[in-house]
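Asker: I need the structure of the sequence given here:
(one chain, ligands or ions: 3)
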Amino acid sequence: MAVFSSLTPVFVAVLCVIIVFFFKNSQRRENRSKQKPSDQTARPWADEDLQDNTEISTKHSEDDDGDDWLDTAEEDLVHIPYSPSQYSASEMLQRSEKFYSLMNLRRSVRCISPEPVPKEVIHNVIRTAGTAPSGAHTEPWTFVLVSDADVKHKIREIVEEEEEINYKQRMGDKWVHDLKKLRTNWVKEYLDVAPYLILVFKQIYGVLPSGKKRTHYYNEISVSISCGILLAALQNVGLVTVTTTPLNCGPQLRSLLQRPANEKLLMLLPVGYPSPDAKVPDLKRKPLDQIMMTV
Ligand SMILES: NC(=O)C1=CN([C@@H]2O[C@H](COP(=O)(O)OP(=O)(O)OC[C@H]3O[C@@H](n4cnc5c(N)ncnc54)[C@H](OP(=O)(O)O)[C@@H]3O)[C@@H](O)[C@H]2O)C=CC1
Ligand SMILES: Cc1cc2nc3c(=O)[nH]c(=O)nc-3n(C[C@H](O)[C@H](O)[C@H](O)COP(=O)(O)O)c2cc1C
Ligand SMILES: N[C@@H](Cc1ccc(O)c(Br)c1)C(=O)O
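Answerer: Residues are numbered from 1 along each chain as shown. Ligands and ions are numbered 1, 2, ... in the order given. Take a look at the predicted model:
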């Protein structure tokens, strides 16, 4: 008993040291996991609100046996001088007004003329889309340009079949109601008539020369920016389109166009001149004071 009572203070002290040691260690582990996720499924670049299904790189996965992602050539990339055109304040104002006026005339047009469009113009428009910024300069886009009448018709068949189900079942009453003002339905004549269809695919990951996957950071945002630039480039040459997102058609269109498994359809754009009798809904745009907050 006497031995026990003399040991108790020592025992308590040792116990305290052990508890403090464990507590500090667990805190350090927690902090480390907050700063640098050891969990390889953490994908801070994939915006959950966007439902960006960005695929994760397999760098640390079972089939990984090397440092493929370490590209020394890219580490040594030279940085070159950059001095783009600059304008006086009055020139800037004039240019900004002119560009705004041009873009303010852009409308989604669903009545497209069959009149042929010079192919080189479309190539330049797509080149322009390819100037978009992209996460880590991964350029995660593929623009499939379709002009073949049979392929356009097959695309129409796929889209109309799915869009009919979309309107009748998948979209629901509220969405269908919200679209009433646009007078859209599942009949998509422009898919046969427009001289070009551009199907924009986002590459959810890339493929390295070794066959391994390369992470495409923020691929959906990157491709969406390139689509915005594409729309501006079309407007610049007097062509029209309608941004379409044919729900549930992605996998069928991907397989029709023989696109690889790392690509997902983001948008389908019929492109051409507006038909002479084209009409658009008389929509109004929000004024500056409703879209801009100054701080
Ligand atoms: N961003 C969005 O919120 C949405 C956009 N859309 C638009 O609708 C159009 C067509 O898309 P939709 O067909 O509905 O949707 P998806 O193209 O996303 O495909 C639907 C289903 O097929 C799977 N899938 C598609 N492509 C691939 C691929 N390459 N590899 C593996 N799985 C694939 C999807 O998988 P998974 O579930 O893993 O993605 C999903 O389960 C597009 O224009 C798209 O932008 C449609 C739905 C939602
Ligand atoms: C992300 C997105 C998806 C769209 N999806 C479709 C679509 O599937 N079908 C369609 O006819 N229009 C679609 N539109 C076009 C819109 O209906 C159109 O932009 C909107 O009515 C405003 O008209 P405006 O483009 O003439 O300004 C889409 C537009 C965006 C930005
Ligand atoms: N994809 C359908 C429905 C649709 C139509 C217009 C839109 O702005 C949106 Br969002 C969806 C269609 O093309 O008819």
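Asker: what does the pLDDT read for Lys36?
Answerer: pLDDT, Lys36: 41.
Asker: residues in contact with Leu265?
Answerer: By Cβ atoms under 8 Å, 6 or more residues apart in numbering, the residues touching Leu265 are Leu199, Val200, Phe201, Pro246, Cys249, Gly250, Leu253, Arg254. Heads up, the C-betas are built off the backbone N, CA and C, glycines and all.
Asker: the one residue in the stretch 51-200 of the chain that gets nearest to ligand 3 is in what secondary structure piece?
Answerer: Going by Cβ to the nearest ligand atom, ligand 3 is nearest to Thr184 of the stretch 51-200 of the chain, at 3.9 Å. Counting by DSSP states H and E, no helix or strand carries Thr184.
Asker: phi, psi for it please.
Answerer: Main-chain torsions, Thr184, degrees, to the nearest 10: phi -90, psi 160.
Asker: can you give me the neighbour number for it?
Answerer: 17 (other Cβ atoms under 10 Å).
Asker: OK, contacts around it?
Answerer: By Cβ under 8 Å, 6+ apart, the contact set of Thr184 is Arg110.
Asker: try Arg107
Answerer: Going by Cβ under 8 Å, 6+ apart, Arg107 touches Val240, Val280.
Asker: got it, and the one 10 residues further on?
Answerer: For Val117, the contacting residues are Pro195, Tyr196, Leu239, Val271, Gly272, Tyr273, taking Cβ under 8 Å, 6+ apart as the criterion.
Asker: quick check, pLDDT for the residue of the stretch 51-200 of the chain closest to ligand 3.
Answerer: Here, the pLDDT recorded for Thr184 equals 98.
Asker: so it versus Met293, what's the distance?
Answerer: 32 Å (Cβ to Cβ, to the nearest Å).
Asker: which non-adjacent residue is nearest whichever residue of the stretch 101-250 of the chain sits closest to ligand 1?
Answerer: Closest residue of the stretch 101-250 of the chain to ligand 1, Cβ to the nearest ligand atom: Gly250 (2.1 Å). Take Gly250 and drop its neighbours on the chain: the residue closest to it by Cβ to Cβ, 6 or more residues apart in numbering is Leu265, 4.0 Å away.
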